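Asks: What follows is a protein structure lacking sequence information:
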(Lines give C-alpha, C1' and ligand atoms only; values in the text may rest on other atoms or scores of the structure.)
Protein backbone atom coordinates (compact mmCIF):
# COMPACT_ATOMS: atom_id res chain seq x y z
CA UNK A 1 0.00 0.00 0.00
CA UNK A 2 1.52 3.31 -1.05
CA UNK A 3 2.00 6.24 1.31
CA UNK A 4 -0.41 8.43 -0.66
CA UNK A 5 -3.12 5.79 -0.61
CA UNK A 6 -2.74 5.26 3.15
CA UNK A 7 -2.77 9.01 3.77
CA UNK A 8 -5.83 9.45 1.54
CA UNK A 9 -7.59 6.79 3.59
CA UNK A 10 -6.80 8.27 6.98
CA UNK A 11 -7.77 11.80 5.90
CA UNK A 12 -11.08 10.37 4.67
CA UNK A 13 -11.70 8.65 8.00
CA UNK A 14 -10.87 11.87 9.80
CA UNK A 15 -13.21 14.06 7.78
CA UNK A 16 -16.09 11.63 8.20
CA UNK A 17 -16.42 12.99 11.72
CA UNK A 18 -16.69 16.69 10.79
CA UNK A 19 -19.50 18.65 12.49
CA UNK A 20 -22.20 19.58 9.99
CA UNK A 21 -24.42 22.32 11.36
CA UNK A 22 -24.33 25.89 10.07
CA UNK A 23 -25.85 29.21 11.19
CA UNK A 24 -28.44 28.21 13.77
CA UNK A 25 -31.35 30.21 12.34
CA UNK A 26 -30.85 31.87 8.97
CA UNK A 27 -34.04 33.90 9.34
CA UNK A 28 -32.46 35.93 12.14
CA UNK A 29 -29.59 37.02 9.90
CA UNK A 30 -31.61 37.49 6.72
CA UNK A 31 -34.29 39.90 7.96
CA UNK A 32 -32.01 42.89 8.72
CA UNK A 33 -30.27 42.53 5.36
CA UNK A 34 -33.32 42.42 3.15
CA UNK A 35 -35.61 44.68 5.17
CA UNK A 36 -33.13 47.44 4.32
CA UNK A 37 -33.34 46.85 0.56
CA UNK A 38 -35.90 49.29 -0.87
CA UNK A 39 -36.62 47.11 -3.91
CA UNK A 40 -37.72 44.32 -1.57
CA UNK A 41 -39.70 46.19 1.07
CA UNK A 42 -41.52 48.23 -1.58
CA UNK A 43 -42.36 45.21 -3.73
CA UNK A 44 -46.05 44.39 -4.05
CA UNK A 45 -47.57 41.56 -2.05
CA UNK A 46 -47.49 38.24 -3.85
CA UNK A 47 -50.11 35.55 -4.25
CA UNK A 48 -49.25 32.30 -2.49
CA UNK A 49 -49.24 29.35 -4.88
CA UNK A 50 -48.46 25.70 -4.37
CA UNK A 51 -45.29 24.22 -5.80
CA UNK A 52 -47.35 22.01 -8.09
CA UNK A 53 -49.21 25.00 -9.52
CA UNK A 54 -45.94 26.73 -10.38
CA UNK A 55 -44.33 23.58 -11.80
CA UNK A 56 -47.22 22.72 -14.09
CA UNK A 57 -47.29 26.27 -15.45
CA UNK A 58 -43.53 26.26 -15.94
CA UNK A 59 -43.05 22.70 -17.23
CA UNK A 60 -41.87 23.48 -20.74
CA UNK A 61 -39.63 26.29 -19.51
CA UNK A 62 -38.26 24.05 -16.75
CA UNK A 63 -37.33 21.36 -19.19
CA UNK A 64 -35.13 23.79 -21.11
CA UNK A 65 -33.87 25.66 -18.03
CA UNK A 66 -32.76 22.57 -16.15
CA UNK A 67 -30.95 21.22 -19.20
CA UNK A 68 -29.04 24.50 -19.37
CA UNK A 69 -28.28 24.29 -15.65
CA UNK A 70 -26.88 20.80 -16.09
CA UNK A 71 -24.64 22.01 -18.89
CA UNK A 72 -23.43 24.92 -16.74
CA UNK A 73 -22.62 22.65 -13.80
CA UNK A 74 -20.70 20.16 -15.94
CA UNK A 75 -18.66 22.95 -17.52
CA UNK A 76 -17.95 24.99 -14.38
CA UNK A 77 -17.84 22.64 -11.39
CA UNK A 78 -14.80 20.38 -11.36
CA UNK A 79 -16.23 17.60 -9.20
CA UNK A 80 -19.85 17.80 -10.32
CA UNK A 81 -21.51 14.40 -10.77
CA UNK A 82 -23.73 14.60 -13.88
CA UNK A 83 -27.44 13.98 -13.47
CA UNK A 84 -28.44 10.48 -14.63
CA UNK A 85 -30.43 10.64 -17.86
CA UNK A 86 -33.34 8.88 -16.17
CA UNK A 87 -33.80 11.85 -13.82
CA UNK A 88 -33.88 14.55 -16.50
CA UNK A 89 -37.00 16.68 -16.13
CA UNK A 90 -39.51 16.13 -18.90
CA UNK A 91 -42.78 18.00 -19.33
CA UNK A 92 -45.82 15.72 -19.49
CA UNK A 93 -48.55 17.83 -17.81
CA UNK A 94 -49.03 15.27 -15.03
CA UNK A 95 -49.76 17.29 -11.90
CA UNK A 96 -49.73 14.15 -9.75
CA UNK A 97 -46.06 13.46 -10.47
CA UNK A 98 -44.65 16.92 -11.20
CA UNK A 99 -43.30 17.55 -7.69
CA UNK A 100 -41.51 14.19 -7.64
CA UNK A 101 -40.09 14.74 -11.13
CA UNK A 102 -38.83 18.17 -10.12
CA UNK A 103 -37.30 16.94 -6.86
CA UNK A 104 -35.45 14.19 -8.69
CA UNK A 105 -34.26 16.52 -11.45
CA UNK A 106 -32.68 18.96 -8.98
CA UNK A 107 -31.67 16.15 -6.62
CA UNK A 108 -33.28 17.25 -3.36
CA UNK A 109 -34.85 15.08 -0.68
CA UNK A 110 -38.20 13.98 -2.21
CA UNK A 111 -39.66 13.80 1.31
CA UNK A 112 -39.19 17.57 1.79
CA UNK A 113 -42.53 19.09 2.81
CA UNK A 114 -42.34 22.23 0.61
CA UNK A 115 -45.69 23.47 1.91
CA UNK A 116 -46.71 27.14 1.98
CA UNK A 117 -45.62 28.47 5.37
CA UNK A 118 -43.77 31.22 7.22
CA UNK A 119 -41.13 30.90 9.93
CA UNK A 120 -41.82 33.82 12.23
CA UNK A 121 -39.15 35.99 13.76
CA UNK A 122 -38.92 36.16 17.57
CA UNK A 123 -41.71 38.27 19.02
CA UNK A 124 -43.83 38.24 15.85
CA UNK A 125 -47.48 37.23 16.20
CA UNK A 126 -49.13 34.47 14.18
CA UNK A 127 -52.30 36.48 13.73
CA UNK A 128 -55.01 34.45 12.03
CA UNK A 129 -52.59 31.98 10.49
CA UNK A 130 -52.76 28.41 11.84
CA UNK A 131 -49.70 27.43 13.86
CA UNK A 132 -47.75 24.41 12.62
CA UNK A 133 -45.52 21.95 14.45
CA UNK A 134 -42.01 21.31 13.06
CA UNK A 135 -43.10 17.96 11.63
CA UNK A 136 -45.44 19.85 9.30
CA UNK A 137 -42.56 21.68 7.61
CA UNK A 138 -39.66 19.22 7.81
CA UNK A 139 -39.15 15.45 7.51
CA UNK A 140 -36.26 15.63 9.99
CA UNK A 141 -36.65 13.44 13.04
CA UNK A 142 -34.37 15.57 15.23
CA UNK A 143 -36.19 18.86 15.77
CA UNK A 144 -34.98 19.96 19.20
CA UNK A 145 -33.35 23.03 17.63
CA UNK A 146 -36.74 24.58 16.90
CA UNK A 147 -37.29 25.74 20.47
CA UNK A 148 -38.88 29.22 20.50
CA UNK A 149 -39.55 28.92 16.75
CA UNK A 150 -43.07 29.43 15.41
CA UNK A 151 -44.20 28.18 11.99
CA UNK A 152 -47.53 29.27 10.50
CA UNK A 153 -49.45 27.97 7.52
CA UNK A 154 -50.19 30.02 4.44
CA UNK A 155 -53.21 29.37 2.23
CA UNK A 156 -52.86 29.24 -1.56
CA UNK A 157 -54.48 32.34 -2.98
CA UNK A 158 -53.78 34.64 -0.05
CA UNK A 159 -51.42 37.58 -0.42
CA UNK A 160 -48.21 37.95 1.56
CA UNK A 161 -45.36 40.43 1.60
CA UNK A 162 -42.22 39.32 -0.28
CA UNK A 163 -39.88 40.05 2.63
CA UNK A 164 -41.61 37.48 4.84
CA UNK A 165 -41.42 34.86 2.08
CA UNK A 166 -37.74 35.56 1.42
CA UNK A 167 -36.70 35.53 5.07
CA UNK A 168 -38.54 32.29 5.81
CA UNK A 169 -37.17 30.59 2.70
CA UNK A 170 -33.65 31.58 3.68
CA UNK A 171 -33.68 28.87 6.37
CA UNK A 172 -35.58 26.25 4.36
CA UNK A 173 -32.62 24.25 3.01
CA UNK A 174 -31.86 23.33 6.64
CA UNK A 175 -35.31 21.75 6.88
CA UNK A 176 -34.07 18.61 5.16
CA UNK A 177 -33.83 19.52 1.48
CA UNK A 178 -30.30 18.11 1.21
CA UNK A 179 -30.68 15.03 3.40
CA UNK A 180 -29.87 11.53 2.17
CA UNK A 181 -28.62 12.44 -1.31
CA UNK A 182 -25.65 10.05 -1.40
CA UNK A 183 -25.67 6.38 -2.28
CA UNK A 184 -24.38 5.37 1.17
CA UNK A 185 -27.06 7.33 3.08
CA UNK A 186 -29.44 4.37 3.10
CA UNK A 187 -32.19 6.19 1.20
CA UNK A 188 -33.97 5.12 -1.95
CA UNK A 189 -33.28 8.46 -3.66
CA UNK A 190 -29.64 8.51 -2.65
CA UNK A 191 -29.09 5.26 -4.51
CA UNK A 192 -30.54 6.71 -7.71
CA UNK A 193 -29.23 10.29 -7.71
CA UNK A 194 -25.80 9.44 -9.07
CA UNK A 195 -23.85 11.76 -6.74
CA UNK A 196 -21.72 8.90 -5.44
CA UNK A 197 -20.70 8.21 -1.87
CA UNK A 198 -20.60 10.98 0.69
CA UNK A 199 -17.09 12.50 0.59
CA UNK A 200 -17.04 13.77 4.20
CA UNK A 201 -19.30 14.23 7.20
CA UNK A 202 -20.93 11.29 8.98
CA UNK A 203 -23.11 9.46 6.43
CA UNK A 204 -25.01 7.72 9.24
CA UNK A 205 -26.20 10.91 10.92
CA UNK A 206 -29.42 12.52 9.73
CA UNK A 207 -27.91 15.98 9.37
CA UNK A 208 -24.49 14.62 8.39
CA UNK A 209 -25.41 13.99 4.78
CA UNK A 210 -25.96 17.68 4.02
CA UNK A 211 -22.39 18.65 4.96
CA UNK A 212 -20.86 18.48 1.43
CA UNK A 213 -23.83 20.41 0.03
CA UNK A 214 -23.52 23.28 2.52
CA UNK A 215 -19.74 23.53 3.01
CA UNK A 216 -17.06 24.85 0.65
CA UNK A 217 -13.67 23.33 1.46
CA UNK A 218 -12.01 24.91 -1.57
CA UNK A 219 -8.93 26.46 0.00
CA UNK A 220 -7.32 23.78 2.15
CA UNK A 221 -3.56 23.28 2.08
CA UNK A 222 -2.06 22.02 -1.18
CA UNK A 223 -0.87 18.79 0.46
CA UNK A 224 -4.36 18.00 1.73
CA UNK A 225 -5.85 18.66 -1.69
CA UNK A 226 -3.22 16.45 -3.31
CA UNK A 227 -3.73 13.42 -1.09
CA UNK A 228 -7.44 13.90 -0.43
CA UNK A 229 -8.96 15.67 -3.47
CA UNK A 230 -12.41 14.41 -2.47
CA UNK A 231 -12.72 17.25 0.06
CA UNK A 232 -13.42 19.56 -2.87
CA UNK A 233 -16.53 17.59 -3.77
CA UNK A 234 -18.71 20.35 -2.39
CA UNK A 235 -22.02 21.47 -3.90
CA UNK A 236 -23.00 24.92 -2.55
CA UNK A 237 -22.03 26.61 -5.85
CA UNK A 238 -24.40 24.28 -7.69
CA UNK A 239 -27.27 25.13 -5.36
CA UNK A 240 -26.55 28.86 -5.42
CA UNK A 241 -26.57 28.98 -9.22
CA UNK A 242 -29.53 26.62 -9.60
CA UNK A 243 -31.83 28.51 -7.26
CA UNK A 244 -30.82 31.84 -8.75
CA UNK A 245 -31.85 30.54 -12.16
CA UNK A 246 -35.13 29.10 -10.84
CA UNK A 247 -35.90 32.37 -9.07
CA UNK A 248 -35.36 34.33 -12.29
CA UNK A 249 -37.58 31.86 -14.16
CA UNK A 250 -40.40 32.13 -11.61
CA UNK A 251 -40.32 35.94 -11.72
CA UNK A 252 -40.32 35.95 -15.52
CA UNK A 253 -43.46 33.77 -15.54
CA UNK A 254 -45.30 35.96 -13.05
CA UNK A 255 -45.04 33.47 -10.16
CA UNK A 256 -43.40 35.96 -7.84
CA UNK A 257 -44.10 33.93 -4.71
CA UNK A 258 -41.77 31.20 -5.98
CA UNK A 259 -39.35 33.80 -7.29
CA UNK A 260 -38.85 35.06 -3.74
CA UNK A 261 -38.81 31.58 -2.28
CA UNK A 262 -36.16 30.21 -4.64
CA UNK A 263 -34.13 33.36 -4.03
CA UNK A 264 -34.24 32.60 -0.32
CA UNK A 265 -33.04 29.05 -0.93
CA UNK A 266 -30.02 30.23 -2.88
CA UNK A 267 -29.14 32.84 -0.28
CA UNK A 268 -29.01 30.13 2.36
CA UNK A 269 -25.87 28.61 0.85
CA UNK A 270 -24.24 32.00 0.44
CA UNK A 271 -24.78 32.59 4.15
CA UNK A 272 -23.35 29.17 4.98
CA UNK A 273 -20.14 29.98 3.15
CA UNK A 274 -19.62 33.13 5.20
CA UNK A 275 -19.23 30.89 8.27
CA UNK A 276 -15.49 30.13 8.73
CA UNK A 277 -16.26 26.65 10.04
CA UNK A 278 -17.87 25.93 6.67
CA UNK A 279 -14.78 26.94 4.73
CA UNK A 280 -12.04 25.18 6.70
CA UNK A 281 -12.30 21.59 7.81
CA UNK A 282 -10.55 21.86 11.15
CA UNK A 283 -9.58 25.37 12.25
CA UNK A 284 -6.60 25.24 14.58
CA UNK A 285 -5.41 21.86 13.34
CA UNK A 286 -2.44 22.16 10.98
CA UNK A 287 -1.85 19.87 8.03
CA UNK A 288 1.09 18.04 9.62
CA UNK A 289 -0.80 17.51 12.88
CA UNK A 290 -3.83 16.23 10.99
CA UNK A 291 -1.75 13.61 9.23
CA UNK A 292 0.15 12.62 12.38
CA UNK A 293 -2.93 12.03 14.48
CA UNK A 294 -4.60 10.09 11.70
CA UNK A 295 -1.56 7.84 11.38
CA UNK A 296 -1.79 7.27 15.12
CA UNK A 297 -5.49 6.51 14.72
CA UNK A 298 -4.68 3.87 12.10
CA UNK A 299 -2.31 2.35 14.66
CA UNK A 300 -5.16 2.05 17.13
CA UNK A 301 -4.31 5.20 19.08
CA UNK A 302 -7.32 7.41 18.30
CA UNK A 303 -7.31 9.69 21.34
CA UNK A 304 -5.50 12.61 19.67
CA UNK A 305 -7.85 12.58 16.66
CA UNK A 306 -11.01 12.20 18.73
CA UNK A 307 -10.01 15.07 21.01
CA UNK A 308 -9.28 17.41 18.09
CA UNK A 309 -12.66 16.68 16.52
CA UNK A 310 -14.48 17.21 19.81
CA UNK A 311 -12.84 20.60 20.34
CA UNK A 312 -13.72 21.77 16.82
CA UNK A 313 -17.27 20.51 17.23
CA UNK A 314 -17.74 22.29 20.56
CA UNK A 315 -16.31 25.57 19.26
CA UNK A 316 -18.40 25.42 16.12
CA UNK A 317 -21.56 24.81 18.14
CA UNK A 318 -20.70 27.49 20.70
CA UNK A 319 -20.34 30.31 18.18
CA UNK A 320 -23.50 29.28 16.30
CA UNK A 321 -25.58 29.16 19.47
CA UNK A 322 -24.18 32.47 20.65
CA UNK A 323 -25.07 34.31 17.44
CA UNK A 324 -28.59 32.90 17.55
CA UNK A 325 -29.07 33.99 21.15
CA UNK A 326 -27.65 37.46 20.53
CA UNK A 327 -30.06 38.06 17.67
CA UNK A 328 -33.05 36.48 19.42
CA UNK A 329 -32.52 38.83 22.35
CA UNK A 330 -32.29 41.84 20.03
CA UNK A 331 -35.53 40.87 18.25
CA UNK A 332 -37.42 40.30 21.50
CA UNK A 333 -36.22 43.63 22.89
CA UNK A 334 -36.91 45.33 19.55
CA UNK A 335 -33.37 46.68 19.69
CA UNK A 336 -32.90 47.79 16.10
CA UNK A 337 -29.75 49.67 17.15
CA UNK A 338 -28.01 46.43 18.08
CA UNK A 339 -24.54 46.17 16.50
CA UNK A 340 -25.24 43.11 14.37
CA UNK A 341 -28.51 44.55 13.08
CA UNK A 342 -26.70 47.74 12.12
CA UNK A 343 -24.02 45.79 10.27
CA UNK A 344 -26.44 43.51 8.46
CA UNK A 345 -28.64 46.43 7.39
CA UNK A 346 -25.76 48.68 6.35
CA UNK A 347 -26.21 50.09 2.84
CA UNK A 348 -22.63 50.09 1.66
CA UNK A 349 -21.25 49.50 -1.83
CA UNK A 350 -22.74 46.37 -3.37
CA UNK A 351 -20.66 44.71 -6.11
CA UNK A 352 -22.11 43.22 -9.26
CA UNK A 353 -22.86 39.57 -8.61
CA UNK A 354 -20.74 37.00 -10.48
CA UNK A 355 -20.71 33.21 -10.32
CA UNK A 356 -17.15 33.17 -8.98
CA UNK A 357 -18.06 35.10 -5.82
CA UNK A 358 -19.03 32.13 -3.58
CA UNK A 359 -15.72 30.32 -4.12
CA UNK A 360 -13.17 33.01 -4.89
CA UNK A 361 -14.33 35.75 -2.54
CA UNK A 362 -16.72 34.58 0.19
CA UNK A 363 -15.19 31.19 0.95
CA UNK A 364 -11.63 32.47 0.61
CA UNK A 365 -12.33 35.19 3.17
CA UNK A 366 -14.04 32.71 5.48
CA UNK A 367 -11.10 30.33 5.27
CA UNK A 368 -8.69 33.13 6.12
CA UNK A 369 -10.76 34.03 9.20
CA UNK A 370 -11.13 30.51 10.58
CA UNK A 371 -7.95 30.31 12.64
CA UNK A 372 -8.51 33.71 14.28
CA UNK A 373 -12.12 32.84 15.11
CA UNK A 374 -11.00 29.56 16.62
CA UNK A 375 -8.54 31.38 18.90
CA UNK A 376 -11.10 33.99 19.97
CA UNK A 377 -13.60 31.27 20.85
CA UNK A 378 -10.99 29.39 22.88
CA UNK A 379 -9.93 32.54 24.73
CA UNK A 380 -13.37 33.93 25.59
CA UNK A 381 -15.70 31.02 26.27
CA UNK A 382 -15.40 29.14 29.58
CA UNK A 383 -12.57 26.64 29.24
CA UNK A 384 -14.68 23.58 29.97
CA UNK A 385 -17.09 24.35 27.13
CA UNK A 386 -14.60 24.81 24.30
CA UNK A 387 -11.17 23.61 25.47
CA UNK A 388 -11.94 20.35 27.28
CA UNK A 389 -11.82 17.52 24.73
CA UNK A 390 -13.63 15.23 27.16
CA UNK A 391 -16.67 17.50 27.29
CA UNK A 392 -19.55 17.65 24.82
CA UNK A 393 -21.16 21.06 24.58
CA UNK A 394 -24.37 19.43 23.43
CA UNK A 395 -24.77 17.98 26.93
CA UNK A 396 -24.40 21.37 28.65
CA UNK A 397 -27.66 22.16 30.45
CA UNK A 398 -27.25 25.92 29.83
CA UNK A 399 -26.23 25.76 26.17
CA UNK A 400 -29.28 27.82 25.26
CA UNK A 401 -28.33 30.45 27.86
CA UNK A 402 -24.81 31.29 26.73
CA UNK A 403 -25.32 35.03 27.16
CA UNK A 404 -25.75 34.52 30.90
CA UNK A 405 -22.89 32.02 31.00
CA UNK A 406 -20.51 34.53 29.41
CA UNK A 407 -21.66 37.39 31.65
CA UNK A 408 -20.92 35.24 34.70
CA UNK A 409 -17.66 33.80 33.37
CA UNK A 410 -15.38 36.25 35.17
CA UNK A 411 -14.15 37.73 31.89
CA UNK A 412 -15.94 41.08 31.45
CA UNK A 413 -14.71 41.48 27.88
CA UNK A 414 -15.59 37.98 26.67
CA UNK A 415 -19.00 38.70 25.18
CA UNK A 416 -17.85 41.90 23.48
CA UNK A 417 -14.81 40.17 21.97
CA UNK A 418 -17.00 37.47 20.49
CA UNK A 419 -19.64 39.94 19.29
CA UNK A 420 -17.06 42.03 17.47
CA UNK A 421 -15.55 39.04 15.69
CA UNK A 422 -18.99 37.80 14.65
CA UNK A 423 -19.80 41.29 13.44
CA UNK A 424 -16.87 41.24 11.03
CA UNK A 425 -18.02 37.87 9.70
CA UNK A 426 -21.61 39.04 9.14
CA UNK A 427 -20.46 41.84 6.85
CA UNK A 428 -19.94 39.35 4.02
CA UNK A 429 -23.55 38.21 3.92
CA UNK A 430 -24.80 41.77 4.09
CA UNK A 431 -22.72 42.68 1.03
CA UNK A 432 -23.01 39.57 -1.11
CA UNK A 433 -26.54 38.66 -0.07
CA UNK A 434 -27.63 42.04 -1.46
CA UNK A 435 -25.54 41.45 -4.55
CA UNK A 436 -27.21 38.08 -5.21
CA UNK A 437 -30.75 39.36 -4.60
CA UNK A 438 -30.15 42.51 -6.62
CA UNK A 439 -28.86 40.50 -9.56
CA UNK A 440 -32.06 38.45 -9.68
CA UNK A 441 -34.33 41.46 -9.34
CA UNK A 442 -32.48 43.43 -12.01
CA UNK A 443 -33.51 40.84 -14.58
CA UNK A 444 -37.17 41.13 -13.62
CA UNK A 445 -37.77 44.82 -12.77
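Replies: Everything's here; your move. The shown structure was predicted, so the numbers you read here are calculated from the model rather than taken from an experiment.

Asks: all helices of the stretch 1-150 of the chain, in order?
Replies: Assigned helices in the stretch 1-150 of the chain, in chain order: 3-15, 26-34, 38-41, 51-76, 98-105, 134-137 (criterion: DSSP state H, counting those that start in this stretch).

Asks: ah, wrong one, I meant the stretch 151-300 of the chain
Replies: Taking DSSP H, counting those that start in this stretch as the criterion, the stretch 151-300 of the chain carries its helices at 162-169, 188-192, 211-214, 222-227, 236-252, 256-273, 287-298.

Asks: pLDDT-wise, which helix or strand of this structure ranks last?
Replies: Across the helices and strands of the chain, the lowest-confidence element by mean pLDDT, DSSP states H and E is helix 3-15, at a mean of 47.

Asks: Low-confidence regions, the stretch 51-200 of the chain specifically.
Replies: The stretch 51-200 of the chain contains no residues with pLDDT under 70.

Asks: try it again with 90
Replies: The model of the stretch 51-200 of the chain has pLDDT under 90 over residues 142-145, 147-148, 199-200.

Asks: Quick one: end-to-end distance for stretch 79-88.
Replies: End-to-end span of stretch 79-88 (C-alpha to C-alpha, to the nearest Å): 19 Å.

Asks: Buried residues, it. List them.
Replies: Using 16 or more other C-beta atoms under 10 Å as the test for burial, stretch 79-88 gives 80-81, 83, 87. (C-beta placed from N, C-alpha, C; glycine too.)

Asks: Between those, which sits nearest residue 351?
Replies: The closest of the buried residues of stretch 79-88 to residue 351 turns out to be residue 80 (C-beta to C-beta; 25.6 Å).

Asks: could you give the angle of the helix or strand harbouring residue 316 to helix 26-34?
Replies: Residue 316 belongs to helix 303-332 when assigned by DSSP states H and E. On the basis of axes from the mean of the first three to the mean of the last three C-alpha atoms, to 10 degrees, helix 303-332 is oriented at 50 degrees to helix 26-34.

Asks: Check which element follows helix 303-332 along the chain.
Replies: Toward the C-terminus, helix 303-332 is succeeded by helix 339-344 as the next helix or strand (DSSP H and E).

Asks: Just after that next one, pick out the following helix or strand.
Replies: Using DSSP H and E, the helix or strand that follows helix 339-344 in sequence is helix 357.

Asks: My guess is residue 241 contacts residue 355. True?
Replies: Yes: using C-beta atoms under 8 Å, residue 241 is in contact with residue 355, at 6.2 Å.

Asks: Of the two, which one has the most company?
Replies: Counting neighbours by other C-beta atoms under 10 Å for residue 241 and for residue 355 shows that residue 241 has the greater number, 19 against 13.

Asks: Tell me who's in contact with residue 273.
Replies: Neighbour list for residue 273: 216, 236, 279, 358, 362-363, 366 [criterion: C-beta atoms under 8 Å, 6 or more residues apart in numbering].

Asks: will you turn these into TSV that also has neighbour count?
Replies: Converted to TSV, those look like this (neighbours: other C-beta atoms under 10 Å):
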residue	neighbour count
216	26
236	26
279	27
358	26
362	27
363	28
366	24
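
Asks: and the two most separated of those residues?
Replies: 236 and 366 (11.5 Å).

Asks: Now for the two: what residues contact both?
Replies: Both residue 236 and residue 366 are in contact with 216, 273, where contact means C-beta under 8 Å, 6+ apart.

Asks: List the residues that contact residue 94.
Replies: Neighbour list for residue 94: residue 101 [criterion: C-beta under 8 Å, 6+ apart].

Asks: go again using 7 Å as the cut-off
Replies: Listed by C-beta atoms under 7 Å, 6 or more residues apart in numbering, residue 94 has no contact partners.

Asks: quick one: it from residue 206, how far?
Replies: Remark: distance between residue 94 and residue 206 (C-beta to C-beta, to the nearest Å) = 31 Å.

Asks: any weak-confidence spans in the stretch 201-350 of the chain?
Replies: In the predicted model of the stretch 201-350 of the chain, residues 201-209, 211, 220-232, 280-313, 347-349 satisfy pLDDT under 90.

Asks: switch the cut-off to 70
Replies: 227, 286-287, 291, 293-295, 297-298, 302.

Asks: Which among the helices of the stretch 1-150 of the chain is found nearest to residue 116?
Replies: helix 51-76 (8.5 Å).

Asks: buried ones in that closest one?
Replies: Buried residues in helix 51-76 (16+ other C-beta under 10 Å): 51-59, 62, 65-66, 69-70, 72-73.

Asks: between that helix and helix 98-105, how big is the angle?
Replies: Put simply, helix 51-76 runs at 10 degrees to helix 98-105, going by the same axes, to 10 degrees.

Asks: Could you list every helix and strand that helix 51-76 packs against?
Replies: helix 98-105, helix 236-252 (3 or more C-beta pairs under 7 Å, 6 or more residues apart in numbering; DSSP states H and E).

Asks: and the nearest residue to residue 413 once chain neighbours are set aside, what pLDDT?
Replies: In space, and not counting its chain neighbours, residue 413 is closest to residue 380: 7.7 Å by C-beta to C-beta, 6 or more residues apart in numbering. We have a pLDDT of 97 for residue 380.
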